[in-house]
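I'd like to go over a predicted model; first the sequence, then the structure.
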Amino acid sequence: MQPALRLDAISVDFGGRTVLDGIDLAVDPGQVLALLGPSGSGKSTLLRVIAGFEDRYTGTVSSAGTRIDGVPPHRRGFALLFQEGQLFPHRDVAGNIGYPMRLRRIDRARTAERIAELLELVGLAGFERRDVSTLSGGEQQRVALARALAAEPRLLLLDEPLSALDRELRERLAGDLRRILTSTGTSAVFVTHDHGEAAVLADRVAVLRAGRIGAYGPTGEVLAGLAAGPGEGRDRDGASG
Ligand SMILES: Nc1ncnc2c1ncn2[C@@H]1O[C@H](COP(=O)(O)OP(=O)(O)OP(=O)(O)O)[C@@H](O)[C@H]1O
């Protein structure tokens, strides 16, 4: 099967400064890839290239065997989940989750059924009519996740999706998120600073260092390598620059 995402020789140069330097990566269908690395190593820039928000790059981005360079973000079949879920404040929970289905003109009965399924999946069964402003941070992130999954994305892109939450909630939600991604067979790329989060969520880890891939492989191996490396493992990024 073709990878859900493939990057070939992605480089980004901002005003003569190399921010990404020849990145090659692939994410197989159903696989979850974590991008780790210190601040400024290029993680968000790479995510922006994948999502289609950044066109100042060389190299190619493909999905399911097709090049998608130049395809606008909303036509890529990807969904995004950020640190703050960015829900629509004037819509209730069902209105938020159903939004991608409305855009796709899926009929009301099917939409309502799917919303109920997604709420069950994220542990918020029966929350349809709740005003989003009355939800806790963790509940809002669950609703944002349900909305991202409602579009049945070919790839889910997550930019530190749990970092706004407190530690205990973060750990619980990381486990839930992994279960949900597995049960829906969703391929995902997520940016994190947190090794624990990568350990729970990811099948593979790529460590960025100054715009290059410093380490890449199965999660256990890469994290063990970081913990054992000289002077590394002490900071949360596991990279000394
Ligand atoms: N639009 C831009 N113009 C110029 N430089 C930029 C731009 N966007 C990012 N950069 C620079 O590119 C480098 C990589 O930034 P990026 O945000 O991708 O890093 P990051 O690994 O996501 O960092 P963090 O973990 O702090 O979010 C940084 O040095 C940043 O200052």
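On my side now, so go ahead.

which residues touch Ser44?
By CB atoms under 8 Å, 6 or more residues apart in numbering, the contact set of Ser44 is 159, 191. From N, CA and C alone the C-beta is placed, and that goes for glycine too.

again with the one 10 residues further on
For Glu54, the contact set (CB under 8 Å, 6+ apart) comprises 12, 45, 48.

Test of understanding: give the bridge partners of the residue positioned nearest the centre of the chain.
By CA atoms, centre = their mean, the chain has its centre lying nearest to Leu158, at 2.1 Å. Bridge pairing for Leu158 (DSSP bridges) gives the partners Leu81, Phe190.

Can you give me every residue that contacts it?
With CB under 8 Å, 6+ apart, Leu158 has these contacts: 80-82, 188-191.

Flag every residue of this structure that's near the ligand.
14, 19, 37, 39-45 (CB under 6 Å from any ligand atom).

Which of the helices or strands spans Gly138?
Assigned by DSSP states H and E, Gly138 belongs to helix 137-150.

Would you mind listing the buried residues in that helix?
138-150 (16 or more other CB atoms under 10 Å).

Contacts for that helix, please.
So helix 137-150 is in contact with 79-81, 85-87, 93, 96-101, 114-115, 118-119, 121-124, 127, 132, 135, 156, 161-162, 164-165, 169, 172-173, 176-177, 180, 184, 186, going by CB under 8 Å, 6+ apart.

For PyMOL, write the selection for the buried entries among the residues you listed.
Buried subset of the contacts of helix 137-150, written as a PyMOL selection, criterion 16+ other CB under 10 Å:
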select buried, resi 79+80+81+85+87+93+96+97+98+99+100+101+114+115+118+119+121+122+124+127+132+135+156+161+162+164+165+169+173+176+177+180+186
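
So which of the contacts of helix 137-150 sit within helices?
Among the contacts of helix 137-150, the members found in helices (DSSP state H) are 93, 96-97, 99-101, 114-115, 118-119, 121, 169, 172-173, 176-177, 180, 184.

hmm, back to that, tabulate the contacts of Leu158 in a markdown table, adding columns for pLDDT.
Listed next are these as a markdown table, based on pLDDT from 0 to 100:
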| residue | pLDDT |
| --- | --- |
| Leu80 | 88 |
| Leu81 | 86 |
| Phe82 | 79 |
| Ala188 | 96 |
| Val189 | 97 |
| Phe190 | 93 |
| Val191 | 94 |
